[in-house]
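In: After the sequence you'll find the predicted model.
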Amino acid sequence: MDLIARISRHFHDSAQTKLDAIEALAAPLAGAIETMTQSLLNNGKILACGNGGSAADAQHFAAELVNRFEMERPPLAAIALTTDSSTLTSIANDYDYLQVFSKQVRALGQPGDVLLAISTSGNSPNVIDAIAAAHEREMRVVALTGKDGGRIGELLGPDDIHLCVPAARTARIQEVHLLALHCLCDGIDCLLLGVEE
């Protein structure tokens, strides 16, 4: 096995997937930035959830908003629903793992808040349940998916935003998700701080 060639192929495939995603994602990313910024300006917050690598992405995004991304600014209201082990395990134990995010959305979400729902397949049952809870709470949803969008793509309403990466491999989808999250962070900062460039 030629490891150098294999590694090089990963870099090329990742770069190509990102370039192929520009047309599909640029406009909905702009819409998601505007939606999230408006929520934050109206004293709303962003709740984020996902499983596995997507849980890490939810935490990464919340950290960039609460602390800072690349520009100095006041902290912004964001909560990763993946981090409270006592809450997660009590819900999973007493009820069902399906509800680990939806119960938190029902407890913390308010009308005007935004749910960032991350699922590479678009079929994560607990993320789907969280979307239903967000709709009950009159929250808008920004969904980050891949492949064909899965069930999540079918459940989103007209006021929700779907960022579906046009790729099949989980690693490539996750790599574009990270870029999309950085675009969201940068765009929110630019709108809040009045950056023109």
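Out: That came through fine. Numbers count the residues shown, from 1 in each chain.

In: quick one: the spatially closest residue to Y95 that is not a sequence neighbour from I118, how far?
Out: Excluding its sequence neighbours, the residue lying closest to Y95 (CB to CB, 6 or more residues apart in numbering) is K103, at 7.3 Å. C-beta coordinates here come from the backbone N, C-alpha and C atoms, glycine included. Using CB to CB, to the nearest Å, K103 is found at 18 Å from I118.

In: Those two: which has the busier surroundings?
Out: Ranked by neighbour count (other CB atoms under 10 Å), K103 and I118 place I118 first, with 29 against 21.

In: just checking, the more buried one touches A58?
Out: Yes. Between I118 and A58 there is a contact at 5.8 Å, judged by CB atoms under 8 Å.

In: Quick check: neighbours shared by the two?
Out: 48-50 (CB atoms under 8 Å, 6 or more residues apart in numbering).

In: quick one, strands of the protein?
Out: 46-49, 78-80, 114-118, 140-146, 161-165 (DSSP state E).

In: May I see the ones you listed arranged in JSON lines, with mean pLDDT as well?
Out: Putting the strands of the chain into JSON lines (pLDDT from 0 to 100) gives the following:
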{"stretch": "strand 46-49", "mean pLDDT": "98"}
{"stretch": "strand 78-80", "mean pLDDT": "98"}
{"stretch": "strand 114-118", "mean pLDDT": "98"}
{"stretch": "strand 140-146", "mean pLDDT": "98"}
{"stretch": "strand 161-165", "mean pLDDT": "98"}
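
In: how about those in JSON lines, adding distance to I33?
Out: Below are the strands of the chain laid out as JSON lines (distance: least, CB to CB, whole Å):
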{"stretch": "strand 46-49", "distance to I33": "12"}
{"stretch": "strand 78-80", "distance to I33": "14"}
{"stretch": "strand 114-118", "distance to I33": "11"}
{"stretch": "strand 140-146", "distance to I33": "9"}
{"stretch": "strand 161-165", "distance to I33": "10"}
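
In: For Y95, which of those is the nearest?
Out: strand 46-49 (16.1 Å; CB to CB).
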